[in-house]
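K.L.:
Sequence and predicted structure are below.
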2 protein chains.
Amino acid sequence: MFHTLFKLVEMGVHNGHVMFTTNQMAKSAGTSQQTASRRLIELEKLGLITRLRTPDGESIRLTEEGKRELKTAYMTLKRAVEPPPKELVLEGELFSGLGEGAYYIHQPGYREQFKKKLGYDPFPGTLNVRLGKRFFPERTLLEAMPFTSIDGFRDGKRSYGPVRCYRVLINGKARANVVTALRSHYGEEILEIIAPVNLREKLGLKDGDRVFVRVSPSSQ
Amino acid sequence: MFHTLFKLVEMGVHNGHVMFTTNQMAKSAGTSQQTASRRLIELEKLGLITRLRTPDGESIRLTEEGKRELKTAYMTLKRAVEPPPKELVLEGELFSGLGEGAYYIHQPGYREQFKKKLGYDPFPGTLNVRLGKRFFPERTLLEAMPFTSIDGFRDGKRSYGPVRCYRVLINGKARANVVTALRSHYGEEILEIIAPVNLREKLGLKDGDRVFVRVSPSSQ
DNA sequence: ATTACTAGGAATCGAGTAG
DNA sequence: TCTACTCGATTCCTAGTAA
């Protein structure tokens, strides 16, 4: 279905809305009018676009979900096309979470993959860093950095989504990984960090301390 | 078929080559092993990848054609996701072409569309500008600027591909359009420019003169 | 272990056409 | 004109296997 979304971008849907008929779209995509119509219906059902039918054509607009979809694809291609950024440093403040992140991350389904793909068994607990506002733009660049993919899984009761691990250095000293969920673009101002050791102890950190997170241009 | 190429990027084909089995690819893409195999065969037939089979898996590498394909898609998404660049100025030297560009551009199939979409009937002749080497990086940014699409057509004998028109200002004074062919990423150091009037005359230009081409952040 | 062929079932497409 | 339904044609997928 992404193919159709891409076609719409070629037709200019990203700037506000675009008016066209299913026939125009069909011609531009090299398909029949019927197929164009059906594809628009599907995109609407998926919640990626909204449509507004008028007597002579329809006005198409991307939903937030649709924009997110495009952005994700863009970031993926960016890694392939652009040379990787030299360095990326994020700065934030240490705080204690509710242990929720740590709970997920230490599910055996994830833990086995960490051991295999990152080469270490994470210390049972995560370092939570709340980024300063001025680092929000850099936060988006994080997605363009290389990463290690951890597959999702399910354990009978519920399912756990795929996550990404970015290789980082904490305060210029300790090797660690920022772990981000692929679903839920929620709480993007917070970084959850895992490491082979207890970072609070090793670096003498306590809540409220400044933490520098340097992201490596290589995933391993 | 782009869908598959995209999948390969997610698996990391862009950095050199990647080793995996059709089974791994199938699992990652949520299809059968047979489909993964078939898709790789198709991509190879299309000349987008090269494959190197080994006893336990295959090594995949993008061809130049494959990289171009990805870059084109990337540029399209870039226009949708990134805010448009503020300004873009290219500088080059005026020279006389063989009139080949002018020949194509004045085919009725193109001319009618110029009149309709750009709002003027181009002067019969193009301004050819050879860009200085230091403007090559900016030249690639041109593709991220908004443009007007001119459709391809055929006139019995041969077919004429679609082209793009970027709105520009020549030497800060004269409104014009850079015209680029979508096929053939050939001769990218040369800009072909059309305008409603004779630019050489209007601006008092002769071969070898410096020409400044300012690209507008709006297509019209 | 691989990859990839064949065959038949599933999904998608487009001509005709209704609303 | 539009969009979108039905339904036969076509394409695409996967299970079973060969190599």
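P.N.:
Looks like it arrived, so ask away.

K.L.:
from here on, contacts and neighbour counts on C-alpha atoms
P.N.:
Fine.

K.L.:
Confirm A:Ala176 sits in a strand?
P.N.:
Yes - the assignment for A:Ala176 is a strand, going by DSSP: H, G, I helix; E, B strand; the rest coil.

K.L.:
tell me what the biggest helix by length in chain A is packed against?
P.N.:
As assigned by DSSP state H, the longest helix anywhere in chain A is helix A:64-81. If contacts are counted by 3 or more CA pairs under 8 Å, 6 or more residues apart in numbering or on different chains; DSSP states H and E, helix A:64-81 sits against helix B:2-10, helix B:64-81.

K.L.:
contacting residues around the first one?
P.N.:
Right, helix B:2-10. The contact list for helix B:2-10 (CA atoms under 8 Å, 6 or more residues apart in numbering or on different chains) reads A:Phe2, A:His3, A:Thr76, A:Leu77, A:Ala80, B:Ala29, B:Arg39, B:Leu43, B:Leu70.

K.L.:
starting at the chain centroid, how far to that helix?
P.N.:
Relative to its parent chain, helix B:2-10 has a centroid offset of 20 Å by CA atoms, centre = their mean, to the nearest Å.

K.L.:
likewise the last one?
P.N.:
Relative to the centre of its chain, helix B:64-81 is centred 9 Å away, using CA atoms, centre = their mean.

K.L.:
State the next helix or strand along the chain beyond it.
P.N.:
Beyond helix B:64-81 on the C-terminal side, the first helix or strand identified by DSSP states H and E is strand B:88-95.

K.L.:
Show the subsequent helix or strand relative to that next one.
P.N.:
helix B:100-105.

K.L.:
Show me what whichever helix or strand comes after that following helix is in contact with.
P.N.:
With elements assigned by DSSP H and E, the helix or strand that comes after helix B:100-105 is helix B:108-113. Residues from elsewhere that reach helix B:108-113 (CA under 8 Å, 6+ apart): B:Ile105, B:Asp121, B:Pro122, B:Ile150, B:Asp151, B:Gly152, B:Phe153.

K.L.:
Give me the pLDDT value at the first one.
P.N.:
Looking back up the chat, that one is B:Ile105. pLDDT recorded at B:Ile105 is 84.

K.L.:
number of nearby residues for it?
P.N.:
As a burial measure, B:Ile105 scores 22 neighbours (other CA atoms under 10 Å in any protein chain shown).

K.L.:
ok, it to chain A distance?
P.N.:
21 Å (CA to the nearest CA, to the nearest Å).

K.L.:
Likewise for the second one?
P.N.:
According to CA to the nearest CA, B:Asp121 stands 24 Å off from chain A.

K.L.:
okay, now that residue: neighbour count?
P.N.:
17.

K.L.:
How about the contacts made by the residue nearest to A:Arg154 when sequence neighbours are not counted?
P.N.:
Leaving aside its chain neighbours, A:Arg154 sits nearest to A:Tyr160 (5.8 Å; criterion: CA to CA, 6 or more residues apart in numbering or on different chains). Neighbouring residues of A:Tyr160 by CA under 8 Å, 6+ apart: A:Gly152, A:Phe153, A:Arg154.

K.L.:
Also A:Val197?
P.N.:
A:Pro122, A:Phe123.

K.L.:
From DNA strand C, how far out is it?
P.N.:
34 Å (CA to the nearest atom of the strand, to the nearest Å).

K.L.:
Same check on A:Val211?
P.N.:
From A:Val211 to DNA strand C the distance is 43 Å (CA to the nearest atom of the strand).

K.L.:
Partner strands of the strand or helix carrying that residue, with direction?
P.N.:
Element membership of A:Val211, judged by DSSP H and E, is strand A:210-215. Applying DSSP bridges to the sheet, strand A:210-215 is found paired with strand A:88-95 (antiparallel), strand A:163-170 (antiparallel).

K.L.:
if we compare the ones you listed, which one ends up closest to B:Gly172?
P.N.:
B:Gly172 lies closest to strand A:88-95 among these, at 38.0 Å (CA to CA).

K.L.:
for the closest one, the distance to its chain's centre please.
P.N.:
18 Å.

K.L.:
contact partners of it?
P.N.:
Contacts of strand A:88-95 (CA under 8 Å, 6+ apart): A:127-132, A:135, A:138-139, A:141-142, A:205-216.

K.L.:
I'd like the average pLDDT over that strand.
P.N.:
In the prediction, strand A:88-95 has an average pLDDT of 93.

K.L.:
and if you look at stretch A:113-126?
P.N.:
92.

K.L.:
How about that stretch, which residues are buried there?
P.N.:
A:Gln113, A:Phe114, A:Leu118, A:Asp121, A:Pro122, A:Gly125, A:Thr126 (16 or more other CA atoms under 10 Å in any protein chain shown).

K.L.:
Same check on stretch A:169-180?
P.N.:
A:Leu169, A:Ile170, A:Ala174, A:Arg175, A:Ala176, A:Asn177, A:Val178, A:Val179, A:Thr180.

K.L.:
Mind putting the residues you listed into JSON lines with pLDDT and distance to B:Ile60?
P.N.:
Converted to JSON lines, the buried residues of stretch A:169-180 look like this (pLDDT from 0 to 100; distance: CA to CA, whole Å):
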{"residue": "A:Leu169", "pLDDT": "96", "distance to B:Ile60": "32"}
{"residue": "A:Ile170", "pLDDT": "96", "distance to B:Ile60": "35"}
{"residue": "A:Ala174", "pLDDT": "95", "distance to B:Ile60": "35"}
{"residue": "A:Arg175", "pLDDT": "95", "distance to B:Ile60": "31"}
{"residue": "A:Ala176", "pLDDT": "97", "distance to B:Ile60": "30"}
{"residue": "A:Asn177", "pLDDT": "97", "distance to B:Ile60": "28"}
{"residue": "A:Val178", "pLDDT": "94", "distance to B:Ile60": "29"}
{"residue": "A:Val179", "pLDDT": "93", "distance to B:Ile60": "28"}
{"residue": "A:Thr180", "pLDDT": "89", "distance to B:Ile60": "28"}
